[in-house]
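Novice: okay, structure incoming, though there's no sequence with it:
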DNA sequence: CATAATGTGTACTATGTAGTACACAGTACT
DNA sequence: AGTACTGTGTACTACATAGTACACATTATG
């Protein structure tokens, strides 16, 4: 699987080609870090930044925060809190869904959405 | 909600009353930490220990690891990995289930278990 | 040609995490 | 009375996390 840094570098460079304003410095400023730090993050010299910075980055690069967080080896804290409030029930569900294919999980999502209770 | 430390202290003391062999020192040795450290953990003077120690503690105290981890503000890494492999689908599902009552979530668990696809 | 912008190397730092090691006072046992 | 076990206070440490600050060389621009 692709590393976090090289992935966001690709995203940033792609955006920079079509519209400018996506230099390391500009993006670094937007998400509130030093350019040198973002540079190192993009080359995977240092580990991915904090959740806050990753979410900000996702917004700037128009990427899915959950995907970026996953690539960074993290899980959004709002999900963690949901699980922690009912640890047994959610742990059970997630472990059971581990081996199920996407379409099976998606079916559940749809059922929940439709409110078929 | 109850703190992690005082909770496990209660568990340990309850076990100690009925069967002995559950002193701070004994339990600390079983889970591989210094007695002084466990003592501080139990009084919530220091934050809860690592996931490994918490899981070991759950085994010794015959408690649910997921519950102890939740009280420690953590989520089992095996769950995190499951989510990280399919971040979008799982994030979506969990957020949708946030507001659903237990029985609704349990119904899903049962459906998955029965393999009603 | 000057200067502005770009990416990056080096050095440093503050805070958090996850404990160890030892000493000590009180209690229980025999 | 002496030993052994109990819980705990104090001091310290190693490593990880999450960055900053500045200098520098290269490239692009007016």
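Specialist: Looks like it arrived, so ask away. Just so you know, these numbers come straight off a predicted model, no measurement behind them. Numbers count the residues shown, from 1 in each chain, chains lettered A, B, ... in the order given.
Novice: strands of chain A, start to end?
Specialist: In chain A, no strands are defined using DSSP state E.
Novice: so how far is the worst-scoring helix or strand of it on mean pLDDT from its chain's centroid?
Specialist: Between all helices and strands in chain A, the lowest mean by mean pLDDT, DSSP states H and E belongs to helix A:102-114, at a mean of 86. Centroid separation for helix A:102-114 versus its chain: 21 Å, with CA atoms, centre = their mean, to the nearest Å.
Novice: repeat for stretch A:15-34
Specialist: Worked out by CA atoms, centre = their mean, stretch A:15-34 lies 18 Å from the chain centre.
Novice: re the thing from before, so which bits of the least confident helix or strand of chain A are buried?
Specialist: A:105, A:108, A:109, A:111, A:112 (16 or more other CB atoms under 10 Å in any protein chain shown). No exception for glycine: its C-beta is placed from N, CA and C like everyone else's.
Novice: repeat for stretch A:79-96
Specialist: A:79-80, A:82-84, A:86-87, A:89-94.
Novice: cool, and stretch A:24-35?
Specialist: A:24, A:27, A:28, A:30, A:31, A:33.
Novice: what's near enough to touch residue A:28?
Specialist: A:34, A:35, A:37, A:38 (CB atoms under 8 Å, 6 or more residues apart in numbering or on different chains).
Novice: hmm, stretch A:11-27 touching DNA strand D?
Specialist: No. Using CB under 7 Å from any atom of the strand, we find that stretch A:11-27 stays clear of DNA strand D, coming within 8.5 Å at best.
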